[in-house]
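Novice: Here's a sequence, model it:
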Amino acid sequence: MTAYDQSNVFAKILRGELPSHTVYEDGETLAIMDIMPRADGHVLVIPKAACRNVFDAPADALNAVALTTQKLARAVKAAFSAEGVTIQQFNEAAGGQVVFHLHVHVMPRFEGVALRPHTGAMEKNEVLASNAEKIREALKKI
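Specialist: Numbering: from 1, shown residues only. As a prediction, the model looks like this:
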């Protein structure tokens with residue numbers, strides 16, 4: 001198994017070395033806006049534990065990520081008045097993983113509206129900030 005790389009972008013965000021738009025944080029997880037969103041309101045849920053993906057994640061980290069993912073799914077659905085939510089998680093390059101720190105994508109969805117391309121264009125900072133605030137407000141109500 002490949003070793004965890006402490007220089008990955010999520011490790012840097014967790015250490016405060018890179019900025020992010022945080023929408024939720026607890027003792028074990030962090031939820032941030034995806035800077036290349038596939039849908040408006042696309043968030044990422046990451047464990048604070050240093051794990052590459054599902055294969056090396058400790059059980060408590062997986063449990064915490066699952067619970068935070070559920071919470072964020074409810075929030076993004078409410079915040080964007082979405083009809084549904086897509087949740088995705090990729091493992092290793094062959095499985096579509098690009099950043100090698102366990103993370104779960106949570107995206108609000110609407111019937112007939114396709115997702116934008118994976119690793120597409122970077123969103124404007126002010127749009128990410130506005131979408132993050134919508135989600136934080138929705139979290140207060142759930």
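Novice: what mean pLDDT does the biggest helix by length in the chain have?
Specialist: In the chain, taking DSSP state H as the definition, the longest helix is helix 59-79. Helix 59-79 shows a mean pLDDT of 98.
Novice: Tell me which other helices or strands that helix touches.
Specialist: strand 22-25, strand 29-33, strand 43-47, strand 84-88, strand 104-109, helix 125-141 (3 or more Cβ pairs under 8 Å, 6 or more residues apart in numbering; DSSP states H and E). C-beta coordinates here come from the backbone N, C-alpha and C atoms, glycine included.
Novice: List the buried residues of that helix.
Specialist: Along helix 59-79, these residues count as buried under the neighbour rule (16 or more other Cβ atoms under 10 Å): 61, 64-65, 68-69, 71-79.
Novice: got TSV for the helices and strands packed on helix 59-79, with distance to residue 10, mean neighbour count and mean pLDDT too?
Specialist: TSV is the format used below for those (distance: least, Cβ to Cβ, whole Å; neighbours: other Cβ atoms under 10 Å; pLDDT from 0 to 100):
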stretch	distance to residue 10	mean neighbour count	mean pLDDT
strand 22-25	12	18	98
strand 29-33	8	23	98
strand 43-47	5	25	98
strand 84-88	16	14	98
strand 104-109	12	23	98
helix 125-141	16	15	98
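Novice: how much space between the residue nearest to the spatial centre of the chain and residue 115?
Specialist: Closest to where the C-alpha atoms of the chain average out (Cα atoms, centre = their mean) is residue 44, at 0.4 Å. Residue 44 sits 15 Å away from residue 115, going by Cβ to Cβ, to the nearest Å.
Novice: quick one: contacts for the residue lying closest to residue 28 once chain neighbours are set aside?
Specialist: Distance criterion Cβ to Cβ, 6 or more residues apart in numbering; nearest residue to residue 28, sequence neighbours excluded, is residue 64 at 3.7 Å. Applying Cβ atoms under 8 Å, 6 or more residues apart in numbering to residue 64 gives the contacts 26, 28, 29, 47.
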